[in-house]
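In: the sequence and its predicted three-dimensional model are supplied below.
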Amino acid sequence: MRDVAVIGVGMQKWGELWEKSIRDIFVESALLAMDDAGVNRIDALYVGSMSPGIFSAQEHLESVLADYLGQKFIPGTRVESACASGGLAFRLAFMDVASGTHDIVLAGGVEKMTDVSGGEATHALATAADMKWEGMSGVTFPGLYAMMAVAHMHKYGTTREQLASVAVKNHANGLHNERAQFRMKITVEDVINSVKVADPLNILDCSPITDGAAAVILVPADMIKRFKRPGVKVTGAGHATDTIALHSREDMTTLKAVSEAARQAYAMSGKRPEDIDFAEVHDCFTIAEIIVSESLGFFAPGQGGPAAERGETALTGRIPINASGGLKSKGHPVGATGIAQVVELVEQLRGAAGPRQVKDARVGLAQNMGGSGGSSLVHILEVM
Amino acid sequence: MPPARSWRNYAQLYRLEAGRCKKCGRVHYPPRLICPECQGRVFETFRMKRTGKVVTHTVIRTPSHEFSGEAPFAVGIVEMDDGPRLTLQIVDVDFDELRIGLPVRLEFRRLFAEGEAGVIHYGHKAVPLRT
């Protein structure tokens, strides 16, 4: 296995990008990453996209994107793991470079979600659940996370205010991210009084529907001198699955795919949770960030809510989480999310995150998740 | 669902047939070909008792389009007395009655109508057990 570094990142502004197609969105961010790395050619492409067939009526996406990225004949691979598709694309690109198969590999993610109605988008996302044994009940994704929240509140006394504090914190961070979809300050009262979606979760507990893409360039670490760019090393990678249906899990207050992926990534990098300076985690819903922060080992089970409320995960807290604004403020174009997390890690580790810079950021962790936790990826990146 | 997709599940959907692993005793609903606990491959098929209790719950206020006429409605995860857990609508209930531990009984009900022809799908919903 060769050591692997990230030497280029690219991400255009996210939002409702009605004037742009899925290929425009992807190519713009991919070119930014290639320019950042200083390359005009790549050896291979991996792209995460959950459902271009439903959202954009386009499958065979790897060939569409390699073609429009001006990279004839390269090997291209589209990967799908629901909302963890981007994280999985990054893992495969990492393994490709580590194995010695290719030297300059682009890992990207893209989703164009606003070409379909809200109902169709909800349906496309719902296919990440157990369509038969959960879907028959009419439960939605907010509904599945709401049931995790009810179980967590019952077992640990997690409060409605603690859930809200996650959204408040992530929007405060997103104010400093010019690429975020929703840059607005909100309060705990705003969250608690917002429109109900699935009790106890309201609209301001939920990540939005977004068009967007992100891309990064990976190379062997020993080639880094050729690129004249600050390199960031990938030191840990983990990947796990869990039961597709939430109801098949004995404990609904923890996410086993997350803790297992984290265990692998910590072991590979030789790090422990307390060695991590900051993290980007999958806050598709406020309760998700609380449970993930526990499953990653940052807090003991049941302590994620109180820790968020005390500001321990704020930009200036003990372990800043989602300095980028997270899925909540930045947006959640599902296939792109896992790659955007890596973009944020690299910018933070380069000390180039501007007003949202985490102080003394040397070790960062990215955690991406599919469905109600049926899959998860964890990556650890460090300053070289 | 196309007819074959619902027809091939009649035994589980309508008769609540589950599989008990002969090796470790774990009950699986729907039945499986290999036990995720012990990798056993021999199962005894039996009909589950229709009673259980709520282990978590929510009220869906913003539904997907198939259920758009029905919101708000309650959904919960029900742990059957025979062991397996199911995600089901909880009906004939006031939302403020919903609680973890609520005893329920499964009743055969209309689930939803699908497509332009409005093909009706039936299955189980949970109803609070009243003493």
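Out: Ah, there it is.

In: next one: the residue nearest to A:A314 when sequence neighbours are not counted from chain B, what distance?
Out: Nearest residue to A:A314, sequence neighbours excluded (Cβ to Cβ, 6 or more residues apart in numbering or on different chains): A:K169, at 5.5 Å. Backbone N, C-alpha and C define where each C-beta goes, glycine included. As for A:K169, its distance to chain B is 24 Å (criterion: Cβ to the nearest Cβ, to the nearest Å).

In: could you check how many residues crowd around A:K169?
Out: Neighbourhood size, A:K169 [other Cβ atoms under 10 Å in any protein chain shown]: 29.

In: did I read that right, it in a helix?
Out: Yes: counting by DSSP: H, G, I helix; E, B strand; the rest coil, A:K169 is part of a helix.

In: who are the neighbours in contact with it?
Out: The contact partners of A:K169, by Cβ atoms under 8 Å, 6 or more residues apart in numbering or on different chains, come to A:A308, A:G311, A:T313, A:A314, A:I321, A:N322.

In: same thing but 10 Å
Out: Residues touching A:K169, when contacts are defined by Cβ atoms under 10 Å, 6 or more residues apart in numbering or on different chains, comprise A:186, A:283, A:286, A:289, A:308-309, A:311, A:313-315, A:317, A:320-323, A:325-326, A:328-329.

In: A:G8: which element?
Out: A:G8 is part of strand A:4-10, with elements assigned from DSSP states H and E.

In: and that strand, how far out from the chain middle?
Out: Its chain's C-alpha centre and that of strand A:4-10 lie 16 Å apart, by Cα atoms, centre = their mean, to the nearest Å.

In: with A:E260 as the reference, measure out to the nearest residue to A:G157 once chain neighbours are set aside.
Out: The shortest distance from A:G157 to any residue other than its chain neighbours is 7.6 Å, reached at A:G302 (Cβ to Cβ, 6+ apart). Relative to A:E260, A:G302 is positioned 20 Å away (criterion: Cβ to Cβ, to the nearest Å).

In: now swap in A:N170 and tell me
Out: Between A:N170 and A:E260 the distance, using Cβ to Cβ, works out to 25 Å.

In: more neighbours, these two?
Out: A:N170 (29 against 18).

In: number of nearby residues for the nearest residue to A:P273 once chain neighbours are set aside?
Out: Leaving aside its chain neighbours, A:P273 sits nearest to A:G297 (3.5 Å; criterion: Cβ to Cβ, 6+ apart). Look at A:G297: counted by other Cβ under 10 Å, it has 16 neighbours.

In: need the pLDDT of A:G297.
Out: We note a pLDDT of 98 for A:G297 in this prediction.

In: quickly note the distance from it to chain B.
Out: For A:G297, the distance to chain B (Cβ to the nearest Cβ) stands at 24 Å.

In: ok so that residue is a strand residue?
Out: No: with three-state DSSP as the criterion, A:G297 is assigned coil and is not in a strand.

In: which residues touch it?
Out: Shown in contact with A:G297 (Cβ under 10 Å, 6+ apart): A:V258, A:S259, A:A262, A:R263, A:Y266, A:R272, A:P273, A:E274, A:I276.
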